[in-house]
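1. after the sequence you'll find the predicted model.
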Amino acid sequence: MTEADLERMETELGTALPSDYREILLHFPIRFDAGTADGFLWDDVEALIERNQEYRTTRNLWGTELKPLPEKYFFIGDDKAGWQHLIDTTSEPSMVYTMEYESIERIWPNLNAKKEHQSLSEWFHDYLKSLRDDGIDISAEEYPYEPGGGIAVLIIFVVLMTVIFVLVMLGIDSIFPFLPKPT
């Protein structure tokens, strides 16, 4: 992301971005996530503008009216499971908040292991550390996927459990009548 991208975001959203957030975006270290809206911290100007504009309006989600996000909050990314990551643009350093299912009634401080409110730099450091601990190289051009590995193991497990269940339900002697009967 460039300085011009950040200025455009600030202009279109009418928000001054905190310096620590600007630094992370200008020097985004996760190469396989650069320029995307597919991670805990988004690095896509268009997507960030669009999502922040969306959250700042009253909208309807599955018949529920969702109130606009208070202007001090800025959406920075999500976990793809219903939790959005926000920063408070009025604090220095920026503090991270979590919003549950796009509901402003469910916004709370993101806490560290000591139950203290996490700053953006601490939160991002923890995220980078979790990637490293999982053996992921953040300097790689592409995310190191293991195609089909997890799915194949799951399918094998389900098939095996199904066979065992069928054997137990039918009784092993009805499936293998040639086996000697216990006396």
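-> Here it is on my side, so go on. Small disclaimer: the values here were computed from a predicted structure and weren't measured.

2. show the pLDDT at the residue most central in space within the chain.
-> Nearest to the geometric centre of the chain sits Asp79, at 1.5 Å (C-alpha atoms, centre = their mean). For Asp79, the pLDDT comes out at 88.

3. next one: Phe178
-> In this prediction, Phe178 has a pLDDT value of 64.

4. in space, what's closest to the residue nearest to the centre of the chain - neighbours in sequence excluded?
-> Phe40 (6.3 Å; C-beta to C-beta, 6 or more residues apart in numbering). Every residue, glycine included, has its C-beta placed from N, CA and C.

5. the residue nearest to the centre of the chain and Ser130: what is the separation?
-> 12 Å (C-beta to C-beta, to the nearest Å).

6. what of Ser19?
-> Taken as C-beta to C-beta, the span from Ser19 to Ser130 is 25 Å.

7. all strands for the chain, in order.
-> 59-61, 64-66, 73-78, 83-88, 96-100, 107-109 (DSSP state E).

8. mean confidence for stretch 58-73?
-> pLDDT averaged over stretch 58-73 gives 89.

9. quick one: that stretch to chain centroid distance?
-> 20 Å (C-alpha atoms, centre = their mean, to the nearest Å).

10. next, the buried residues of it.
-> Neighbour-count burial for stretch 58-73, with 16 or more other C-beta atoms under 10 Å as criterion, is recorded at Leu66, Leu69, Tyr73.

11. from these, which single one is nearest Ile104?
-> Nearest to Ile104 among those, counting by C-beta to C-beta, is Leu69 at 5.8 Å.
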